[in-house]
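A.B. asks: Turn this into a structure:
(one chain, ligands or ions: 1)
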Amino acid sequence: MSKTTKQFQTEVQQLLDLVIHSLYSNRDIFLRELISNASDAIDKIRFESHSNENLLEGNSDWKIKLIPDKDAGTLTIRDNGIGMGMAEVEENIGTIARSGTKAFMQALKDKSAGDSPELIGQFGVGFYASFMVADRVVLETRKPGAPEAGCRWESIGDGSYTVEEITKEQRGTEITLHLKEEFKEYLDEWKIRSIVKKYSDYIQYPVVMDITRSETPKGVDGKEIEGAGTIEKTEEQTLNSMKAIWTRPKSEVTEEEYQEFYKHISHDFENPFSTIHFSAEGISEFKALLYLPAKKPFDLFMSDRKKGLQLYVKRVFITDHCEELIPDYLRFVKGVVDSSDLPLNVSREILQEDVQIKRIQKNLVGKVLSTLAESKEKSFNDYVTFWKEFGPVLKEGLHFDYANKEKLQELVLFESTATEAGAYTSLKEYAERMPASQQEIYYITGDNRAALETSPHLEVFKAKGYEVLFMTDPVDEWVVQSLQEYKEKKLKAVDRGDLDLDSEEEKKEKEAKQEEARKEYGDLLSFIKGQLESSLKDVRLSKRLTDSACCLVADEYGMNANMERILKAMNQPVPESKRVLELNPNHPIIRVMADIFKGNQQDSRLNDYAELLYDQALLTEGSPIKDPLRFTRLVSDLMVKAAR
Ligand code: ADP
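C.D. replies: This next block holds a predicted model:
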């Protein structure tokens, strides 16, 4: 194939422009990204060669070589890793395979990316970071196989690139950056040294560079020979310490080293929220270095997101995304696990079944949860910041990780009628605030706090001074189903089933009144029920309303408005479930209707009022009404009549 010119995918060009124009304060990281890629590529060939030694082609002196060339103005990064075939080059460089890219780009544009480099960083700029310092990038690569199957990719970052087949003797990848005039400093030995030390010290393979020093020749006695002039001596030096950070004792790792390593494995630009470094001994021996990020990644809820932790066995890289090491509800955790017990040739299938892996997972989950518990205890405000990012994911654990329910229920936070907007309470604090008369923990589910605050369902709770939790994440509907109770206090939805809030005395007193009301309104209720039979299960007098005329209530285990809304949003079938319309016997409209009803049961206004009551109940809970046109006409008619 001769040289062909192709266009970047639109999103790639957009990403490139963003990288060039917004990451300028972090320019040095281009080298970190390229060294990281080279290190990953060596990890891969090492791993694959466990099962097929031929792939090595006798080239296994692992190293990443940096070659600055002052005359040509280029910096080359060469590795003897896995390399790429033509198809892979096109797939990896020039397109962004990840779904969600469009949405991500939009989010960047909306946020004016210049102000939020961490967003781009989180996306993983990787290879594209080269264009921050170079106006031409040439990549030559070959995977194991014939030298003729090499590939050269070249671009000046203007929206197009060329690819061609080449012969490349050595397997691996070589990236040559033609540095922009103003960035020639990256050819300077000391600059390169300091960047490698800062960002890539822990890389497992030697990052090397040829260093030339001039020295005076020495005689047999070891002393410099006077008048002999100087000679140039070049030797390859390793610039990094290569110490796998997780194998070092905690006391010897600096905060900065932890942070840099986190950025290396996560592509995040920000420091992590928390770092967990520990070794386990006993039945299962392993070292783990885990990080809890500070900001949620844009694809946290996307199904094709890469999950899991890096797995090493005795310092040999096994896989990048070992999903079996961490449960889904902790999918935001990043890090490395290095096991001493697993076999080196461990396969995917083995990982899924392995008891060692299950033990490690259990141990990691315990550590993460105790770290969070400690954070909540010691620095609640910081924990809240974390919770705002990851709370919705962590809550999934209540549904899926029954074994850790006790721990998780102490970690969940909610807003409530007793907190300011944006402030949170734990279940424990809620329970401590409960007045002696209150038997259950009350909650209301819905879309957002502002809408819930005005819900008629809260009226009686406000009157009684009982706190109600606001549950505004879709996942909360499942959370409450799994949680059921906290410390023997049942969780009770304010818009479900019957309410039992009164003391025995109050009950007796109210029962008498209710009896009276039932007598007075019983026939009217039957009439309204008859009118709305197709939409409602029942019509009854309410114990929860003090101000509003009416509201809708689901059965104890029935479908409430929020659940219906969520299922619809998820394109799930919504099972038909009729609800109960509750009327407030103390509201004037109910009295008025009762009067009309007594006067003439055929009065046509009664039909209209019944319908309007139902629509009102729907509107106040944020549900759509069936026939908005008819609703408006009825209201207009009433307005006209009232004005006359
Ligand atoms: P990322 O490293 O986040 O996946 P990059 O844009 O840096 O993103 O790289 C895209 C892909 O290109 C990598 O996942 C890898 O498959 C491939 N790649 C990049 N650099 C190299 C390299 N030096 N050797 C082999 N493959 C590479």
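A.B. asks: care to break the protein down by domain?
C.D. replies: 4-218+228-238, 245-380, 412-493, 504-643 (automatic domain parsing).
A.B. asks: Now render those as TSV, adding distance to W387.
C.D. replies: C-beta here means a position set from N, CA and C on the backbone, and glycine is covered the same way. Listed next are these as TSV, based on distance: least, Cβ to Cβ, whole Å:
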stretch	distance to W387
domain 4-218+228-238	19
domain 245-380	8
domain 412-493	5
domain 504-643	21
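A.B. asks: how many other residues sit next to the nearest residue to G150 once chain neighbours are set aside?
C.D. replies: Nearest non-adjacent residue to G150, counting by Cβ to Cβ, 6 or more residues apart in numbering: K168, 3.2 Å away. Neighbourhood size, K168 [other Cβ atoms under 10 Å]: 20.
A.B. asks: Close to the ligand: what parts of the chain are there?
C.D. replies: Counting by Cβ under 6 Å from any ligand atom, the chain comes close to the ligand at 33, 37-38, 41, 79, 81-84, 92-93, 124, 126-127, 173.
A.B. asks: Between those residues, which sits nearest the ligand?
C.D. replies: Nearest to the ligand out of the residues of the chain next to the ligand is G126 (Cβ to the nearest ligand atom; 2.1 Å).
A.B. asks: so can I have CSV of the domains of the chain showing mean pLDDT and distance to E389?
C.D. replies: Formatted as CSV, those follow (pLDDT from 0 to 100; distance: least, Cβ to Cβ, whole Å):
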stretch, mean pLDDT, distance to E389
domain 4-218+228-238, 86, 12
domain 245-380, 89, 4
domain 412-493, 94, 12
domain 504-643, 89, 21
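A.B. asks: As a check, name the ranges of all strands in the stretch 301-450 of the chain.
C.D. replies: 309-313, 316-322, 334-339, 413-416, 425-426, 441-445 (DSSP state E, counting those that start in this stretch).
A.B. asks: just to revisit the earlier point, quickly find the element holding the residue nearest to G150.
C.D. replies: For K168, there is no enclosing helix or strand under DSSP states H and E.
A.B. asks: let's number from 695 now, not from 1
C.D. replies: Happy to do that; since the first residue is 695 now, the last one works out to K862.
A.B. asks: just to revisit the earlier point, biggest separation within the residues of the chain next to the ligand, which pair?
C.D. replies: Greatest spatial distance among the residues of the chain next to the ligand (Cβ to Cβ): G777 and G818, at 20.4 Å.
A.B. asks: Can you give me the neighbour number for whichever residue of the stretch 1195-1338 of the chain sits closest to the ligand?
C.D. replies: Residue nearest to the ligand within the stretch 1195-1338 of the chain: M1264 (30.3 Å; Cβ to the nearest ligand atom). M1264 has 9 neighbours, counted by other Cβ under 10 Å.
A.B. asks: check contacts around the closest residue to T770 other than its chain neighbours.
C.D. replies: Leaving aside its sequence neighbours, T770 sits nearest to I761 (Cβ to Cβ, 6+ apart; 4.1 Å). The neighbourhood of I761, defined by Cβ atoms under 8 Å, 6 or more residues apart in numbering, consists of L769, T770, I771, R772, M903, D904.
A.B. asks: at 10 Å instead, please
C.D. replies: Counting by Cβ atoms under 10 Å, 6 or more residues apart in numbering, I761 touches T768, L769, T770, I771, R772, E868, T870, L881, V902, M903, D904.
A.B. asks: What separation is there between the residue nearest to the spatial centre of the chain and I889?
C.D. replies: Central residue of the chain (Cα atoms, centre = their mean): L994, 2.9 Å from the mean position. For L994, the distance to I889 equals 31 Å [Cβ to Cβ, to the nearest Å].
A.B. asks: Then V1030?
C.D. replies: In terms of Cβ to Cβ, V1030 sits 23 Å off from I889.
A.B. asks: Okay, helices next: where are they in the stretch 895-1044 of the chain?
C.D. replies: 949-960, 1042-1047 (DSSP state H, counting those that start in this stretch).
A.B. asks: If you count neighbours, what's buried in the first one?
C.D. replies: Read it as helix 949-960. E951, Y952, Q953, E954, F955, Y956, K957, H958, I959, S960 (16 or more other Cβ atoms under 10 Å).
A.B. asks: ok and that helix relative to strand 1010-1016, angle-wise?
C.D. replies: 70 degrees (axes from the mean of the first three to the mean of the last three Cα atoms, to 10 degrees).
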